[in-house]
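Asker: Provide a 3D model corresponding to the input given below.
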Amino acid sequence: MEWEKLNEYLQIAIDKAVFYLPRIILAGLIFWIGFKVAEKVVGVIKKALEKTGFSETIRPFLSSTAGIILKGTVLFIIATILGADLTGLFAILAAAAFAIGMALQGSLGNFASGILILTLKPYKIGDWIDVGDKFGKVVEIGIFSTDVLTPGNKILIIPNSMVTESVVTNYSEKGMIRLELEISMPYSESFPKVQRILLDALKEVSNILEDPAPEVGILTFDSHNIVITVRPYVEPDDFWEVTFNAHTAIKRAFNTHNIEIAYSEGVEFGRIGD
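Answerer: Alright, predicted model coming up:
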């Protein structure tokens with residue numbers, strides 16, 4: 001009886017081996033060939049991304065993602081050949097992907113925006129940009145955020161989704177930026193005289209561009225003074241240096257020509273009605 005059971009088990013083992021051995025051999029060949037082909041395809045993708053001008057930041061990510069997808073496809077084919085039931089696995093993966101997607105909704109939005117930024121290139125490293133009233137020089141463009149160095153030497157980490165949802169001003173695109181300086185002048189002063197003095201003062205400031213020429217005009221009429229706007233053009237890297245030097249030159253010129261600057265002196269009290 002025991003010999004018969006042993007023969008029965010042996011026959012079952014032989015049948016299983018005959019059934020699975022060709023599949024195992026085939027799966028091994030597919031695994032070896034598939035991974036080799038995947039590595040070759042990834043190499044081709046890397047070269048194609050480099051030739052098409054994709055950013056160095058995004059190229060490794062895209063190539064590695066392609067490699068994971070290709071190798072995952074190979075493993076899926078092998079599991080199918082071996083007769084594995086993947087229905088339950090797919091259900092678990094789908095549920096996990098949904099839960100992760102809900103938890104990382106903001107991060108996924110930043111990720112998608114990062115892909116757009118690195119692909120469309122609205123700005124590049126070294127550009128001076130303004131995003132949502134955040135002004136500075138781009139020092140790093142990542143998948144999830146953009147790092148901007150402000151003129152005050154602070155690093156702003158701006159989420160990429162904020163970039164794609166806001167108006168982005170790239171000052172480096174044209175190679176120049178216009179300063180907006182405001183000066184208060186009393187109504188009693190002559191504007192043509194002050195305008196001439198301001199334009200002469202700007203000529204003493206280095207790094208102000210001659211083309212386009214600086215602009216000086218009346219911005220608005222305030223209750224106690226006239227607001228004059230002074231608009232010289234500079235290269236983005238000279239923004240703060242020229243701002244400080246221009247204010248210094250204007251103050252010096254006003255002192256030299258005895259031009260008064262309107263301002264409130266002391267505290268003024270007004271009557272409050274019923």
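Asker: might you list the low-confidence residue ranges for the stretch 151-274 of the chain?
Answerer: For the stretch 151-274 of the chain, the stretches flagged by pLDDT under 70 are 262-274.
Asker: try it again with 90
Answerer: Low-confidence segments of the stretch 151-274 of the chain (pLDDT under 90): 151-181, 183-190, 203-213, 221-226, 234-243, 255, 257-274.
Asker: show me where it has helices.
Answerer: Here the stretch 151-274 of the chain has its helices, by DSSP state H, counting those that start in this stretch, at 160-165, 191-202, 239-256.
Asker: residues contacting Val167?
Answerer: Val131 (Cβ atoms under 8 Å, 6 or more residues apart in numbering). For glycine as for every other residue, the C-beta is placed from the backbone atoms N, C-alpha and C.
Asker: now with 10 Å, please.
Answerer: Contacts for Val167 (Cβ atoms under 10 Å, 6 or more residues apart in numbering) come out as Asp130, Val131, Gly132.
Asker: how many other residues sit next to the residue lying closest to the last one once chain neighbours are set aside?
Answerer: In space, and not counting its chain neighbours, Gly132 is closest to Ser166: 4.6 Å by Cβ to Cβ, 6 or more residues apart in numbering. Other residues near Ser166 come to 14 when the count uses other Cβ atoms under 10 Å.
Asker: just checking, Ser166 touches Thr146?
Answerer: No: using Cβ atoms under 10 Å, Ser166 makes no contact with Thr146, being 11.5 Å away.
Asker: mutual contacts of these two, please.
Answerer: Val131, Lys134, Ile158.
Asker: can you list which of those are found in strands?
Answerer: Val131, Lys134, Ile158 (DSSP state E).
Asker: buried among the residues you listed? Need that as a selection in PyMOL.
Answerer: The PyMOL selection below is limited to those of those classed as buried (16 or more other Cβ atoms under 10 Å):
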select buried, resi 131+158
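Asker: and the ones in strands among the shared contacts of Ser166 and Thr146, which is closest to Phe254?
Answerer: Nearest to Phe254 out of these is Lys134 (Cβ to Cβ; 32.9 Å).
Asker: which ones are touching that closest one?
Answerer: Thr146, Val148, Thr150, Leu156, Ile158, Met162, Val163, Ser166.
Asker: quick one, what contacts the last one?
Answerer: If I follow you right, that is Ser166. Asp130, Val131, Gly132, Asp133, Lys134, Ile158.
Asker: distance of it relative to Glu189?
Answerer: 40 Å (Cβ to Cβ, to the nearest Å).
Asker: these two touch, right, Leu82 and Ala27?
Answerer: Yes: the pair Leu82 / Ala27 is scored as a contact, 5.7 Å apart, by Cβ under 10 Å.
Asker: of these two, which one has the most company?
Answerer: Ala27 (20 against 12).
Asker: pretty sure that one contacts Phe76?
Answerer: No: using Cβ under 10 Å as the test, Ala27 is too far from Phe76 to be in contact (11.6 Å).
Asker: spatially, what comes nearest to Asp130 if we skip its sequence neighbours?
Answerer: Thr169 (4.0 Å).
Asker: neighbours of the one you found, how many?
Answerer: 13.
Asker: show me the contacts for Ala246.
Answerer: 179, 181, 198, 201-202, 204-205, 207-208, 214, 230, 232, 234 are the contacts of Ala246 under Cβ under 10 Å, 6+ apart.
Asker: which one of these sits closest to Asn255?
Answerer: Of all the contacts of Ala246, Ala201 has the smallest distance to Asn255: 10.8 Å, by Cβ to Cβ.
Asker: all set now, cheers.
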